[in-house]
Every structure is written in structure tokens, then in C-alpha cells.
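S.K.: Quick check, what structure comes out for this input:
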Amino acid sequence: MSKERATVTVNTPLGVSVSSEVELDEGDMDDVITLSSDDSDVEIVDSFSTKIEVVDEEYGTPEVLCRQSLSLVYSTIDEDYPEGTLQLLSDLVMPGYYPPRDIMIHLLCNILLNQKCPHHLCVQAFSLLMRAQKHHMADKTTVPWDWELLTSVLANQDCTKRHQCEVVRMFLEYVVETLKDDFQAKRSVSALNHSITKATLSCDQQFPRVRDVIKWLFSAIMKSTEYGESRETVRERDEQIRMVSVFQRMLSLALEVDRSPALNSVKLSQELFHMLISNVPLRAHRMLLLESLQSKLLRCKLLEHLLDYACPLKISLPMSLSLLLHFLKNCTLAPDPTDGTERWQRWEELVHLLWMLLLSYNTEMKGDLCSSVSEQRGGVGTMIHKPDDKVSKSAIREAVDAFLSRSQADLGQALPLHVEESLSYLQDHLLDVCHVIGMPKEKYDPPDPRRMYTIMSTEEAANGKKSYWAELEISGRVRSLSTALWSLTHLTALHLSDNSLSRIPPDIAKLHNLVYLDLSSNKIRSLPSELGNMVSLRELLLNNNQLRVLPFELGKLFQLQTLGLKGNPLAQEIMSLYQEPDGTRRLLNYLLDNLAGAIKRLPTEQPPARSWISLQEPDRSRGSALFSVMCYNVLCDKYATRQLYGYCPSWALNWEYRKKSIMQEIMGCNADVISLQEVETEQYYNFFLPELKEQGYDGFFSPKSRARTMSESDRKHVDGCAVFYRTEKFSAVQKHTVEFNQLAMANSEGSEAMLNRVMTKDNIGVAVLLEVRKEMMEISSGKSLHGMEKQLLLIANAHMHWDPEYSDVKLVQTMMFLSEVKNIVDKATRSLKLSSVSGETNAIPLVLCADLNSLPDSGVVEYLSTGGVDCTHKDFKELRYSDSLTKFNCNGKNSTSNGRITHGFKLKSAYENGLMPYTNYTFDFKGVIDYIFHSKPHLNVLGILGPLDTHWLVENNVSGCPHPHIPSDHFSLFAQLELLLPNIPPQVNGLHMPARREVGNLEVTAEIISTGKSSIADGLLVCLSCINLKPAKTADLSGSDLHKSP
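M.R.: Sure thing, here's the model as predicted:
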């Protein structure tokens, strides 16, 4: 049994405190807490526990108010004068001082819970109780309430006056505050044994009380839906809903206070399930219970019970995606309602329950509350990959199809459209999760120990037969290895076991194709750190050597499936990790996470600054405005998992770490327009928008379509697209969101591919129509632009579907997006009465930023850069889209141009000719999928930010991004653009005069000259030699029209 360090504090009768460190067995820490004798108290404090007493730096340790200070307070209590009691205590309770327990009991029992006490005094008493709790947290010895008081108050609440419901809720709020504060102060297991929560709500020791809390919870749920529209009834319903939240907090504490929250979740979920089935028939009640549960683990367990109840085929699986797919594939109907719910609504409830289970898994499968509180300490929430999570895309689609078939057979018709839409979102989200946790690892077959070999004959060699050998075995008690071995870079397996090797040269890392390396049964004392660069390794056998330490660089072997360490004198900490379930993965994660700390710096030096590439000079012959654009996929937190990015330490994947570098990247570019993808809803409002507003930006954001079907708590984790613009240069005129699934549904024209493939993907795009501020244009052009009409600029930002198998979906999404962008241009041209010809696609300059998830040779990029794509393009996968695609033809609805779907924009990529070799850089994929397109002829690219130095990536063995120095798996794009302004008409005395006039049926071109006189009429000289007459049927040559005011 492992030893733990603890501190023993002895308080002697003389008030002297003596401390000493001792070693205790791990089991003793929970049992031996306080040793008492007549002479002294010996307290053993878990070395991990936090200090219970909060010390305010300004006021020091809080002190109880002395009786002398409280003399007047006691007088008011004796005289039954609560107003005076509250007034005096309000002045006395402050940081550093708190009332004694008897005063707290009086505030609670004789004022707050006194039915004769006016309501406003009850509120004051509650405020004082919470203030005192804030300044000095109550513990088991000072808490002013007990279980008997709590039970009696809740048992008698129906017999009291109207305001009592609010009073009971305030009392419960105070009770939970004391429980929560004491729990947080005693987070270690040993200290929790002495907490108020352990004494009152332990599932192990006080489960009847926990059952009482469940009964009170259900009572509050039932009362929260009582009929009535009077002010008192509505107010009581609101109070009951608040009480539901309080009881749920109590259940969360009961779940966590014991050694095993997982076991407690089983007990509590079974109790809640039986109560739910027997006593709560209404769907509204079930939803309120589930949505108010504050423990995601408890919600998972309860949802599993409910779905298992609705599933005729029983199965025993742990919490996993496989279990969720089993429910999706086999469950029939939600519990029988008694509120007249139609049958289709029961199927809708099933979809809702499945959604809730998946979203709860998203949190719970990160490991929260799957172990005891002490085991959680200091842990980083990374998703735990389990064998049961290996679900395939085909299994997901099969389960969804089975659900649709069962529902249609039961109802005799298809589900309502909004239910099918929700189910489609569920499928899409499951596919996303499947992508995030990674598909099952590539099948690895270790070398066959009975492998056979054939020696090539002289005749075969003479006939030109090629030899192939990818494995090599060296044996015979070899003590050193030839340097020639490191030139055999084609090797995939190397057998060096049963030799006498004492060291392995660093050059072994040159064998970068090795998948199998056996170094067992040698005399190796240490390993080279370069071994960590052999990231292709699947099996590394180091058994029966003399290793005492492992290099932290071994953690970089993220593809390793088998690690042999038996028979080595390694430290107990290492072997304990190694011997746990999934020990290889846990040990490698530990080594990688501690790599930076082990060498006292980050694993690599900072990358060099990206170079600036100038492409052309501004056009000085005409007016122009310069501005810059950034496009950046910031990698949403929920996608940044170790399963997908196993080469990156968990601390470098953590959003709190990454977001600082992301903001540094954004501010370092200092772009005028910023287009971001994969922005989490909560992070947009709490991080990106506040930070960028401080720097002079405003923004617009839309989450993916699935957010509309989610609860508020889950919606905040949905990612989307954002556009920010510098307010000193631009003002927003219009903001638009483009939902591709809605467009697919509206324009499917009966196409199954459109409905089954495009509509189920909830990607979105956004567009912001900006007006360029005249001051910016005048500064850039160096000219006065008094006579020029408003100059608009359209910024479009999109994130297309990720799956390579859906090249057709990406192409259709791009077509839909450009079609909607054209609609935006057309409507803006008409509504804002611009002088551009109506229907002209390029009337407003366009900048399109996007993560297209498509390579430069794809149909998507061909469509954008050449103006169209054939209906038979290979990216359509021979699926029938043609009827629906014609609706997105930007050169005219319901028409094609010689079998092509076209658009009228003249787009050009800012990064052409391979200027950026990759925008997405991971271990499995490196390529260009992010783009900045701009319309011609209005916009020119003056320069771009070049790629990251490839030599730095290679020299530092960067397998992929994210990386401690690179916060996203994407590199940002940044370009400086020149907006060419229209030619400015001539001016007279500062007034705009048209250069071309119609006189009757004559077109007159005049050179207008100002003489500087105040009279416009006197200041005009029309040079008749410059007048060009056009033939006309009739001509009125009276000169009166020439003198009309323009």
C-alpha cells in the first residue's frame, strides 16, 4: 500500500501548537483524523486539503463578535424587538467579524422562520445570514440549522401564510450555501468526512435523508405547474421552480460527498427513475426534472434508465456512444403520458431524450465525477476514449434509419418535419463526435514470431527479381550496433531482443518508418530522448532491462498501442500508472503533459515570424482605399481532444491556454476585418467580442443551426462563424445568416441526395454589408471625396462540412452560399438605391473568407475561381442534384450554361500559385483548405502574410498542430487589399455637377469650368465646341435646359 505524507498538529493545554510531518498508509488517511486525550488534541490534516478558514489579507482571520459588543443586540432579543436586532447586527457584521452561533440561530428561527414576522424583516434576516456566511463559513460545530428543523419547515409549509413559500425558499438557499461552502473548503476525502454534507446527505450513511430531498424535489416540480393566473399563484410557481434548483444542488452535493460518485449516481438515478415513472406522468414534469439536474453524471444515468425502459431489447453496456446508438436503434416510445400528448409527440420526446443523453455524454465522458474527489484533484478534463466509443459512421446512419422506420410504421406516416430536422441534427452531431474522438485506430498486426523468409537465388537475382524485406532481426549477445543500421530507413520492424546492449544511440530516430521495435532482455540503463520522434511506432518493447527512468519525450509517441516495461526498476509512480486500465495511454499522457516542466521550458523555441509577401503596389492613377482582412479557424474547444490531437499536451489543448495565443495572433495581424470559424457561442460573447471591442472592433456572430433545437445551457457550446470590423473604418449596414440546411429543404425539388445528405448538415455562413467611412477613403486616396456616393463592401464568412466523403455536400453548400450572397447584393442595390445597374452581380465589392474543407483541385475551388462547374463533376459522386442545383445558378434561376452551374462573381484567391503550402497542419493531413477570395475588378491584393517557416517545423519535429506555440490546427490567412474607388465626377464650387446631360433628345457632353464667382449661373461657361449632338427624330434646341440646377 502506498504511503502519503500528512501533517500532525498538536494543540497543548498551554495553547502551544506543534506540527510535524508523518507518513501514513493511504487507507489510514480516511480513518485516523483526530486523536484525543485529556491533555491534547492531535489533528491529522490531509496534505492535499485546502485551508478551511478563509483569511482576508486586509482583515486577517475572522473573529467572533465578543459578548460585550453584542450587549445591545441581546437586549433587543430579550425585548422581542426584531427591527432593532437586525439594525444593530447590520452594523456589526463585517469582514473580519461574525456573530456567535446563538445569534445565528435567533436570526434563523425567530425572525426568518417566524410566521408572525413581517416579510421585509424576513428578507433582512436572510440577507444578514448570507453576509455572515460569506465572512465566516459555518462548519459542523457552528451551523445554526439541523435536519429536524429542515424537515419540520418543509412539512409545515402548506399551512402558513402566503409569503411563506418565499421564506422557505430563502431558508433553503441558506442551507445549501452552508453545505456548498463547507464542501468546497473540505475538498479532500479525509476532510469531507467531517463536513456538514457528509453528516446530513451522505448516500452511504444518510440515504433516507437523501430520499426525503428527492420527495421534496418532486413535490416542488408538481407545484410548479399548478393551474392559476392570479399574481399569488404565478409568484408561488416561480418560487417552486427556484426550490427545484435548490434541491438539485443538494442532490449534486450528496452525489459527490462520498468516495465514489459513480456508485452514488446509480443509487440516486434508480430512486429518481422509480419516482418519475410512478408519480410524474406529465411530460412537462419529466423535462423540468431532467433539465434542472445539475450533475451531468446523474442526468446520464437517469436518461439511460428512461431510454432502457422504452427499449424492448435490453443490453448491458457502460456509459458510451455504443449504448446511445443501441437506444437510437431499438427504443420504441417514451413513457405513457396522461396529459393527452399525441402519439407523434412521444416520438419527439424520444429524440429529445437522446439529444440530452448525447450532450450529457459530451461532458461526462471527459471523466468528470467518474472517480472520487481526491482523484479529480488537479486533473485536466480530457475526454476518456473507451473501447465502447468506437462507433462507425455506417452504424450511426443505420441507427437513424431504423428509428425513422419504426416511427413511420407506428404512426402510419412520416414524423413531422421539425422532428425529422431534430433527428437529422442528432445524426450530424453524432458524426461530429465520431470525428472528434477519432475513428478506431488503424488496425495494427504485430510481426509474426513464426515468420518465414525466402533467400533469393542467384538465378532470380540475375533475372532482375527485386527483393523486399521490411523487418530485421539482430541477435547473438550483441553489445553495440553498427552505424550502417541507421541508413535502413525502409525498415518497419526491428528485433533487437536478447542481446547485451547497454545503450541505444540517438541515431535510431532516423528509422522513421519503424512500427515495431523490440529492445527487450538487454542491459539498457537509459533511453535517448530522440526515441520520442519515432511517432510511427505502434509497439515498443522494453521489458527486462535496467531502466530506472523514462525520458518524458516518450509521451510524443501518440500512436503507440503496446508499451512493454515489465522487469525494470522504474519508480513506483510510473509503474502505478502503467498498471492501471489503459495504462499505456495514461502513462504516455503523463509523460507528454510533463515534458515542458521536465526541461524547464517549452518543448521547442518560438517559431520565427511569418514573412510578408508583397504582390503589387497600389494604383496611384485613381482613388483607392486600403484595408486588411484576416481569416482564421480558431479550433473550437470541444473539438480539441487528445484522441484527435494525441501529439499535443493536454495543457496546450486547454482553451484557457490556447485562447491567449489566439488573441495574440489576431491582435498581431491588426486586421481591419476579421473572419473567424469554429467560434464557440459562449466564447464569442464572453471573450472575443469584449476583447476586440476594447480594440475598436464590433462584430456579428451566428452559431450552427443545431443551436435552435438545444437548451440554453447546451446552446452556448455550439460553434459558429464570426465577423469583426474596425469601427473607425467601417459601419455595418446589414447582417445576414445563411443556414444551408434550410436552403436545402426549401430547394430540394424532390432530390433524395439534397434531403438526406445536404439537409442533415447544419453548417452556416454569415455576411456583413459594410459601408466604408469616407474619412478612411480620403486618407487612403489623398483626395477629397465630397461628391462620391456611399461605398459598400460585403464580407462573407462560411465554414463548410468537414467529412472528405461528402465532397458533394461541400460543393452544394458553396453554391447555395454564393446564391444567397448574390441575393444580398441585389436587394442591397435596390433598397439602398445605388447607381449600379440592378442585377449586376459585382455591383458591391465582395470579400469571401471561408474554411471550405476543400483542396485547391476540388470542385468547390474550381467553382469559385472559374465561375462555374459542370453538373457531372466527379465531386457530385454521380448523385442526382441537377434539378435542385439550377435554383442556385447565379446567372439566372432555373437555368444552366452548357451543362454548368455558374455564378456571376469574378472571384480571385488572395493566395495563388502555391504561396501557402498548407493552411491546416495536423499529423494525418497537411493541405490548403482555408481561403480568402475577392471580387474583381474592384479589389486588388497588395500583399499577404506568408507561411510558417517549414524548416522550423521539421527541425523541431512538430508532428502537427495544435502545439504549445501554435494554438489551432489551422494557420491564419492575412491579406492587404486595395478597394478601387469609382471615378469622382467634377465639382463646381464644391457642388457636384453631372458631366453628361440629356437635353431633350440630345445627349450633351460639356467641359464645365468654374470662374470662382458666387453665382452658379454666372460661373458656368459651356464650351460649345465640346458639345456632341446625337441624331434625333426631333430636337428642342432651346437653351433653357442648360441653366437648370442639377
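S.K.: For the stretch 401-550 of the chain, just list every one of the helices.
M.R.: 417-437, 458-462 (DSSP state H, counting those that start in this stretch).
S.K.: need those helices in CSV with mean neighbour count, can you?
M.R.: In short, each C-beta sits where N, CA and C put it, glycine included. Shown next, in CSV, are the helices of the stretch 401-550 of the chain (neighbours: other Cβ atoms under 10 Å):
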stretch, mean neighbour count
helix 417-437, 20
helix 458-462, 9
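S.K.: Tell me which of those lies nearest to Thr681.
M.R.: helix 417-437 (14.7 Å; Cβ to Cβ).
S.K.: for stretch 149-156, the distance to its chain's centre please.
M.R.: In this view, stretch 149-156 has its centroid 43 Å away from the chain centroid, taken as Cα atoms, centre = their mean, to the nearest Å.
S.K.: Can I get that stretch in CSV, CA atoms only?
M.R.: The C-alpha coordinates for stretch 149-156 follow below in CSV (Å, rounded to 0.1, in the frame of the first residue of the first chain):
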residue,chain,number,x,y,z
LEU,A,149,-35.5,21.9,11.6
LEU,A,150,-35.3,21.5,7.8
THR,A,151,-37.8,18.6,7.9
SER,A,152,-40.3,20.5,10.1
VAL,A,153,-40.2,23.6,7.9
LEU,A,154,-40.8,21.7,4.7
ALA,A,155,-43.5,19.6,6.3
ASN,A,156,-45.5,22.7,7.5
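S.K.: Pull the number of nearby residues for Leu357.
M.R.: Applying other Cβ atoms under 10 Å, we find 25 residues neighbouring Leu357.
S.K.: Correction: the previous question concerned Glu728.
M.R.: Glu728, neighbours per other Cβ under 10 Å, totals 12.
S.K.: Where does it sit: helix, strand or coil?
M.R.: When classified by DSSP: H, G, I helix; E, B strand; the rest coil, Glu728 comes out as coil.
S.K.: Distance of it relative to Met776?
M.R.: From Glu728 across to Met776, the span is 7 Å (Cβ to Cβ, to the nearest Å).
S.K.: Just the buried positions in whichever strand or helix holds Glu239, please.
M.R.: Using DSSP states H and E, Glu239 maps to helix 231-256. Across helix 231-256, burial judged by 16 or more other Cβ atoms under 10 Å covers 236-237, 239-256.
S.K.: what does stretch 583-593 give?
M.R.: Thr584, Arg585, Arg586, Leu587, Leu588, Asn589, Tyr590, Leu591, Leu592, Asp593.
S.K.: same thing with stretch 95-111?
M.R.: Buried, per 16+ other Cβ under 10 Å, within stretch 95-111: Tyr97, Tyr98, Pro99, Ile103, Met104, His106, Leu107, Leu108, Ile111.
S.K.: how much space between the second one and Asp139?
M.R.: Translated: Tyr98. 12 Å.
S.K.: and what of the first one?
M.R.: From Tyr97 over to Asp139 the distance is 17 Å, taken as Cβ to Cβ.
S.K.: count of residues packed around Asn463?
M.R.: 8.
S.K.: scratch that, Lys874 is what I was asking about
M.R.: Lys874: 11 surrounding residues under other Cβ under 10 Å.
S.K.: Contact partners for it?
M.R.: Gly859 (Cβ atoms under 8 Å, 6 or more residues apart in numbering).
S.K.: next one: Cys961
M.R.: Cys648, Tyr921, Thr922, Ser968, Asp969, His970, Phe971.
S.K.: please redo it, this time with the cut-off set to 10 Å
M.R.: By Cβ atoms under 10 Å, 6 or more residues apart in numbering, the contact set of Cys961 is 635, 645, 647-648, 918, 920-923, 926, 948, 953, 967-971.
S.K.: same question, Thr866
M.R.: Residues in contact with Thr866 (Cβ under 10 Å, 6+ apart) are Arg900, Thr902, His903, Leu907.
S.K.: what do you get for Ile795?
M.R.: 629, 673-675, 700, 723-725, 730, 732, 766-770, 845-849.
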